[in-house]
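Novice: predicted coordinates and the sequence they were generated for:
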Amino acid sequence: MKAWLPALLRLAVLVLLVVFITNPDWFEPLLKPLTENGAPAIYNQGSLLTLTLQHLRTVLIATVAATIVAVALAILVTRPAGAEFLPLSRSLVNIGQTFPPVAVLALAVPAFGYGPVPTMIALTLYGILPILKNTLAGLGSVPVAVREAGEAMGLTRFQLLRDVELPLAAPTILAGIRISVIINIGTAAIGSTVGAVTLGNPIIGGLVNGKVAYVLQGALVVGVFAIATDLLFERLDRRLRRFAARD
């Protein structure tokens, strides 16, 4: 297979996704066979573009919040002042990974009510786990000799963290963020069951009203969205590793 074919295929899928969410009516003939009794084939309770942007906004806010908390916590427990909490943080990560994201979402609703807030809080809490786990692994994998060399050069602890440890751990941290984002893209759709406006709206609406075309629209956009995001992170990871190798 030619080397440019996979890239061309990815580009075609992304273009198709953009066209679908901006002009879904163009695809009505393809979805019409899935409808019954003259029901509309295209989701008409809101714009797919608006739902996609709201979905992206929810995932982005949760990811940024989770990254800040997870990286800060990992830095804290890997410093001398917080080293005693390192075993506890690892245990919490291992325990937290056993909880499905849907369960976290369900627990957030009684505390914060319906709407976008419990969805964002649930996504943030669950998103912290893989980022924290990978940040701990990344910082822990920095060779002692490298740290000692930095100290010998007169670097302060902050400079050592900023210029040596975090850059070396960056690919591992990015892998954790990648896992968190992919999980949250799917989980955010479930947030529509508690009042959040996401791509889960056509999925839930279709399931409730027996409209397969609606379910398919939402599921396809969520799926392609997740695949496209994963490919983006893959490219970022390659560039980051090449940059680290040059240094």
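Specialist: Now that the structure is in, tell me what you want to look at.
Novice: just the helices in this structure please.
Specialist: For the chain, the helices defined by DSSP state H occupy 4-22, 28-31, 48-77, 86-96, 101-112, 116-140, 144-152, 157-160, 166-190, 200-209, 212-246.
Novice: if you count neighbours, what's buried in the fifth one?
Specialist: Within helix 101-112, the residues scored as buried using 16 or more other Cβ atoms under 10 Å are 101, 104-105, 108-109, 112. C-beta: built from backbone N, CA, C; applies to glycine.
Novice: which entry within the residues you listed corresponds to the minimum pLDDT?
Specialist: Among the buried residues of helix 101-112, P101 has the lowest pLDDT, at 71.
Novice: tell me who's in contact with that residue.
Specialist: The contact partners of P101, by Cβ atoms under 8 Å, 6 or more residues apart in numbering, come to 122-123, 126, 183-184, 186-187, 190.
Novice: residue closest to the middle of this protein?
Specialist: Ranked by distance to the mean C-alpha position of the chain (Cα atoms, centre = their mean), the top residue is V181 at 0.7 Å.
Novice: that one and V64 touch, don't they?
Specialist: No - with contact defined as Cβ atoms under 8 Å, V181 does not count as touching V64 (10.5 Å).
Novice: and the helices of the chain, which is most packed in?
Specialist: Highest mean neighbour count of these: helix 116-140, a mean of 23 (counted as mean count of other Cβ atoms under 10 Å).
Novice: and it, what does it pack onto?
Specialist: If you count contacts as 3 or more Cβ pairs under 8 Å, 6 or more residues apart in numbering; DSSP states H and E, helix 116-140 packs onto helix 48-77, helix 86-96, helix 101-112, helix 166-190.
Novice: out of these, the one nearest Y214 is which?
Specialist: Checking those against Y214 by Cβ to Cβ gives helix 48-77 as the closest, at 10.6 Å.
Novice: looking at the contacts of P101, which is nearest R157?
Specialist: Relative to R157, the closest of the contacts of P101 is Y126; by Cβ to Cβ it sits at 31.3 Å.
Novice: list the contacts of the residue nearest to the centre of the chain.
Specialist: By Cβ under 8 Å, 6+ apart, the contact set of V181 is 59, 63, 127, 229, 233.
Novice: do you know how far it is from G138?
Specialist: As judged by Cβ to Cβ, to the nearest Å, V181 and G138 stand 17 Å apart.
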